[in-house]
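Undergrad: For reference, the sequence and a predicted model appear below.
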Amino acid sequence: MIFWKSISGYRILNKVLNCLEELRQTQKMHSTMLQHIMSKLQMPDEDSPGLPENISFPLGSVEDVNQLEEKLIDGPTKKRLVRLCS
């Protein structure tokens, strides 16, 4: 008797195929999520890969720290500096 022609063989084969389909769907969902995450992480470089405009280190005074904090309010500047430092 051929394996998949028996009732128990058919059930096993059906279960394996269902599991494979679930794995395929999960893999597709994970791929989509990873692509979304990667697109958020990849922001275009502005001008150059160096420090953002008007930011220089080392900071020499409390006033320099205050000015840097003001500049970091801008989201893209902050992201660029964080990415450069990491």
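TA: Structure received.
Undergrad: tell me the helices in this structure, going along the chain?
TA: 7-41, 62-71, 75-85 (DSSP state H).
Undergrad: looking at those, which is buried most?
TA: Among the helices of the chain, helix 75-85 has the highest mean neighbour count (mean count of other Cβ atoms under 10 Å), at a mean of 13. Heads up, the C-betas are built off the backbone N, CA and C, glycines and all.
Undergrad: mean confidence for that one?
TA: The average pLDDT for helix 75-85 rounds to 78.
Undergrad: what packs against it?
TA: Using 3 or more Cβ pairs under 8 Å, 6 or more residues apart in numbering; DSSP states H and E as the contact test, no helix or strand touches helix 75-85.
Undergrad: just to revisit the earlier point, and the helices of the chain as CSV, adding distance to residue 54?
TA: Listed next are the helices of the chain as CSV, based on distance: least, Cβ to Cβ, whole Å:
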stretch, distance to residue 54
helix 7-41, 25
helix 62-71, 7
helix 75-85, 9
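Undergrad: closest one to residue 51 among these?
TA: helix 75-85 (6.8 Å; Cβ to Cβ).
Undergrad: relative to helix 62-71, how tilted is that closest one?
TA: Relative orientation of helix 75-85 versus helix 62-71 (axes from the mean of the first three to the mean of the last three Cα atoms, to 10 degrees): 120 degrees.
Undergrad: between helix 75-85 and helix 7-41, how many degrees?
TA: 110 degrees.
Undergrad: so how far is helix 75-85 off the chain centroid?
TA: Helix 75-85 has its C-alpha centroid displaced from the chain centroid by 16 Å (Cα atoms, centre = their mean, to the nearest Å).
Undergrad: Could you write out the alpha-carbon coordinates of that helix in PDB?
TA: The C-alpha coordinates for helix 75-85 follow below in PDB (Å, rounded to 0.1, in the frame of the first residue of the first chain):
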ATOM      1  CA  GLY A  75      15.400  65.100  14.900                       C
ATOM      2  CA  PRO A  76      17.500  64.500  11.700                       C
ATOM      3  CA  THR A  77      20.500  66.200  13.300                       C
ATOM      4  CA  LYS A  78      20.200  64.000  16.400                       C
ATOM      5  CA  LYS A  79      19.800  60.800  14.400                       C
ATOM      6  CA  ARG A  80      22.800  61.700  12.300                       C
ATOM      7  CA  LEU A  81      25.000  62.400  15.400                       C
ATOM      8  CA  VAL A  82      23.800  59.200  17.100                       C
ATOM      9  CA  ARG A  83      24.500  57.100  14.100                       C
ATOM     10  CA  LEU A  84      28.000  58.700  13.700                       C
ATOM     11  CA  CYS A  85      28.800  58.000  17.300                       C
END
